[in-house]
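>>> sequence first, predicted coordinates after that:
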Amino acid sequence: MQKKGKVARKSSIASDTRPNELKGSQDLLLCQNRIANDAGWWRMENAKVLGEHVGLKLLVSVPRKTRTYFLSKVPRPLRYLRPGAGRFLEDIARQHHAQFQKRIKITSLVETVQSKTAQRKKNPSAASPHGDRRSLHLTGAAFDISLKPMTQKERLWMRELLVSYEMAGLIDATEEINANCFHIFVLPLQAAL
């Protein structure tokens, strides 16, 4: 049974072992953008808009490192998330740390159109900063957890945890094979709290 707002996900990768709930699609990206639009979330067009959101406390600062996670190659001006997304990051990192006594590696938080455009030059498979299927990082409600330092046991554990949060209607998560990360979009009710 699909939860409300979820779009069926398909994969063309025959050996793909990800749960269906963690497989992304263009239709899912379109659906997620509609959810963000319905919530009235602005996209961070530039540093000025991002700064205005910070000033209004619609985005909160994310520490470079804590005992449960660390940021990798996230530029200082982009170390922000919506308050609920920041708390969700802290919560999931705390659970992972309790299970494995290791920190998780965060590789992306909020993005601006300018930073996302530059990223797409390096990674053409990254979501566009424009159109109906644009990157959810522009909202400040998405972050990426790197798969690279994780063991297979950690990946399986994280998959189960993310699917449980999806089924509860708190997030939409995708295991991005090309980007080697778990992409987590914290849904409006959760991200707004």
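In hand now; what should we look at?

>>> for the protein, give me the ranges with low pLDDT.
Low-confidence segments of the chain, defined by pLDDT under 70, span residues 1-16, 190-193.

>>> longest helix of this protein?
Ordering each helix of the chain by length in residues (DSSP state H) puts helix 83-100 first.

>>> list the buried ones in it?
83, 84, 85, 86, 87, 88, 89, 90, 92, 93, 96, 97 (16 or more other C-beta atoms under 10 Å). In short, each C-beta sits where N, CA and C put it, glycine included.

>>> possible to save the residues you listed as JSON lines with distance to residue 77?
Listed next are the buried residues of helix 83-100 as JSON lines, based on distance: C-beta to C-beta, whole Å:
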{"residue": "83", "distance to residue 77": "18"}
{"residue": "84", "distance to residue 77": "21"}
{"residue": "85", "distance to residue 77": "17"}
{"residue": "86", "distance to residue 77": "16"}
{"residue": "87", "distance to residue 77": "21"}
{"residue": "88", "distance to residue 77": "22"}
{"residue": "89", "distance to residue 77": "18"}
{"residue": "90", "distance to residue 77": "21"}
{"residue": "92", "distance to residue 77": "24"}
{"residue": "93", "distance to residue 77": "22"}
{"residue": "96", "distance to residue 77": "27"}
{"residue": "97", "distance to residue 77": "27"}
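
>>> and of those, the nearest to residue 151?
Within the set of those, residue 96 lies nearest residue 151; the separation is 11.6 Å, counting by C-beta to C-beta.

>>> for the spatially closest residue to the closest one that is not a sequence neighbour, what are phi and psi?
If the residues on either side of it in the chain are set aside, residue 96 comes closest to residue 104, at 5.2 Å by C-beta to C-beta, 6 or more residues apart in numbering. Main-chain torsions, residue 104, degrees, to the nearest 10: phi -90, psi 150.
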